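Asker: A predicted structure for the sequence below; I have some questions about it.
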Amino acid sequence: MTEEETKRGKRTVLAVGFASFFGGVSQDMVIPILPLYLSQVLGMDRTVIGLAEGLVTAAASGVKIIAGRVSDKIPRQKPLVSAGYALSMAGRAGLAFVHAPLAVYGLRFADGIGKGIKDPPKDVLVANAAGSTTRGRSFGVARMLDTFGSALGPLILSGLLLLFVQQNVTPGDYYRWLLILSALVLLPTLAVIQFGVKETKRPARDPHAVRVPLPGSFYLFTAIAGVFAIANSSDAFLILRSQNLGLSVIAIPLAYAVLNIIYGALALPAGILSDKVGRLPLITIGWAVYGLCYLGFAVADSAWQVWPLFAFYGVFYAVTEGVSRALIADVVGQEGRGRAYGVYNAVVGVAALPAGLIAGQLWDGAGPSAPFFFSAALSFAAVVMVLILRRRLTPQQDRR
């Protein structure tokens, strides 16, 4: 890359990161309260909540494949990213006005489709803006800004919850106001995408390039990631477990903020480290951290234990999220990246539905600890798979 292309790429990464910052604020104003809203105000049981949350990701699966393919063919990624955020905004705001489970499913489905539309082209924007030697750093920057937004969201949420409680606003009313406010936060995201993101001009494309098969190492990694994704049930169950252990409604968003502060603080160092030592070692460590964290939630018996567990959970996100996307960019050529991100996100998304259903059934049938024991065991199984198959998974340039 030339010096000018490098500068333009850095500006693009920062703009995508700041767009994600506001997206993170919005999303994480919803996550800590949504399972409580669904259970306490709408009266849904854990299995139904697990299905609803599984739909958010699983609904996006087919859309991500389509969005990935489309992003490989069109000259600009911004329209897809903007459309996805707009649909998520509508889905979140709509939750404030419905009561029936079917309507909740529909709106969560819409939010999932919005996520499915925006994720592959947003990853392509970052991957194409970065050079191969700084790709981990670039994804780390984007994830850091995204996650600091996700840390700020719960802090804003806690402050608003405290204000509403002091004003004697009923839970049903303040939950609905919070849902509306979280949707409005996506307006700055749309503005940054429209006016801040400057796409790097794409090189001339070989019209037959999209027909070249994706590498076998990509499919193998995606398959193992799918196994891990079945272990990775919705974070809604962490919130329900926190409440089950005695953490207050106001404290839960603060604990969730701790997760995101740790995630945001470590995302960039993790990305830089992956540029030096390879992506796969960090991903493997992250999956092992996840298993230990969920094992901790399974055996926890006091509210104070939630705080260090959420902090430890932030380490898992920091060393896997951006690094996984950088790994995919390493093994897949530029013209196939949208397709690859679509397939990867789709597989992980499909796994979210059984993950949520299994977790909900285990909670309702065997108790609050059961889904966490299950997730820990399956995540350790995914770690073993990576260790056995690591040479087939490691990109050639990362082999030592």
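Answerer: Perfect, I can see it now.

Asker: what segments of the stretch 151-300 of the chain are helices?
Answerer: Ranges of helices within the stretch 151-300 of the chain are 171-184, 186-196, 216-231, 236-244, 251-277, 279-299, based on DSSP state H, counting those that start in this stretch.

Asker: turn those into TSV, columns for mean pLDDT, distance to Val30 and mean neighbour count.
Answerer: Every C-beta, even on glycine, is put in place using the N, C-alpha and C of the backbone. Shown next, in TSV, are the helices of the stretch 151-300 of the chain (pLDDT from 0 to 100; distance: least, CB to CB, whole Å; neighbours: other CB atoms under 10 Å):
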stretch	mean pLDDT	distance to Val30	mean neighbour count
helix 171-184	87	5	18
helix 186-196	90	11	17
helix 216-231	92	21	19
helix 236-244	88	10	23
helix 251-277	87	11	21
helix 279-299	95	21	22
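
Asker: which one of the ones you listed lies nearest to Lys115?
Answerer: Proximity to Lys115 (CB to CB) singles out helix 186-196 among the helices of the stretch 151-300 of the chain, at 11.9 Å.

Asker: quick one: the closest one to chain centroid distance?
Answerer: 19 Å (CA atoms, centre = their mean, to the nearest Å).

Asker: what's in contact with it?
Answerer: 15, 18-20, 22-23, 26, 78, 81-82, 85-86, 88-89, 92 (CB atoms under 8 Å, 6 or more residues apart in numbering).

Asker: closest one of the residues you listed to Gly68?
Answerer: Nearest member of those to Gly68, counting by CB to CB, is Val81, at 12.7 Å.

Asker: just give me the neighbour total for the residue nearest to that closest one when sequence neighbours are not counted.
Answerer: Among residues not flanking Val81 along the chain, Lys118 sits closest, at 4.7 Å (CB to CB, 6 or more residues apart in numbering). Look at Lys118: counted by other CB atoms under 10 Å, it has 29 neighbours.

Asker: for the helix or strand harbouring Lys118, packing partners?
Answerer: If you go by DSSP states H and E, Lys118 is part of helix 101-129. Here helix 101-129 touches helix 3-30, helix 46-58, helix 60-73, helix 78-94, helix 135-166, helix 306-331, helix 337-366, going by 3 or more CB pairs under 8 Å, 6 or more residues apart in numbering; DSSP states H and E.

Asker: hey, least reliable of those helices by pLDDT?
Answerer: Note on those: helix 46-58 shows the lowest mean pLDDT, a mean of 70.

Asker: quick revisit: list the buried ones in the helix holding Lys118?
Answerer: 101, 104-129 (16 or more other CB atoms under 10 Å).

Asker: that one to helix 3-30, inter-axis angle?
Answerer: Computed by axes from the mean of the first three to the mean of the last three CA atoms, to 10 degrees, the angle separating helix 101-129 from helix 3-30 equals 160 degrees.

Asker: helix 101-129: how far from the chain's middle?
Answerer: Distance, stretch centre to chain centre, for helix 101-129: 10 Å (CA atoms, centre = their mean).

Asker: quick one: average confidence on it?
Answerer: Computed over helix 101-129, the average pLDDT equals 83.

Asker: between that helix and helix 306-331, how big is the angle?
Answerer: Inter-element angle recorded for helix 101-129 and helix 306-331: 50 degrees (by the same axes, to 10 degrees).

Asker: please begin residue numbering at 376 from this point
Answerer: Renumbered: residue one is now 376, and that last one reads helix 476-504.

Asker: for Glu696, see how far away Val388 is.
Answerer: Per CB to CB, to the nearest Å, Val388 is found 15 Å from Glu696.

Asker: same check, this time on Ser649
Answerer: 11 Å.

Asker: per-residue confidence for Pro590?
Answerer: Pro590 carries a pLDDT value of 86.

Asker: grab the nearest non-local neighbour of it.
Answerer: In space, Pro590 is closest to Val706, 5.3 Å off (CB to CB, 6+ apart).

Asker: check Ile625 too.
Answerer: Leu536 is the one closest to Ile625 (CB to CB, 6+ apart), at 5.1 Å.

Asker: need the contact list for that neighbour.
Answerer: Leu536 is in contact with Ile408, Tyr549, Leu553, Val624, Ile625, Pro628, counting by CB under 8 Å, 6+ apart.

Asker: pretty sure the last one contacts Leu527?
Answerer: No. The pair Pro628 / Leu527 is not scored as a contact, 10.8 Å apart, by CB atoms under 8 Å.

Asker: near Ala741, how many other residues are there?
Answerer: Using other CB under 10 Å, Ala741 has 12 other residues around it.

Asker: same thing with Arg767?
Answerer: Around Arg767 there are 10 residues (other CB under 10 Å).

Asker: helix or strand for it, which one?
Answerer: Here Arg767 is assigned to helix 745-768, by DSSP H and E.

Asker: so the residue nearest to Val456 sits against Ala458, correct?
Answerer: Yes. Look at Lys493 against Ala458 with CB under 8 Å: they come within range, at 7.4 Å.

Asker: follow-up on the earlier one: in JSON lines, list the helices and strands packed on helix 476-504 along with distance to Leu768.
Answerer: Written out in JSON lines, the entries for the helices and strands packed on helix 476-504 read as follows (distance: least, CB to CB, whole Å):
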{"stretch": "helix 378-405", "distance to Leu768": "26"}
{"stretch": "helix 421-433", "distance to Leu768": "23"}
{"stretch": "helix 435-448", "distance to Leu768": "21"}
{"stretch": "helix 453-469", "distance to Leu768": "29"}
{"stretch": "helix 510-541", "distance to Leu768": "16"}
{"stretch": "helix 681-706", "distance to Leu768": "9"}
{"stretch": "helix 712-741", "distance to Leu768": "13"}
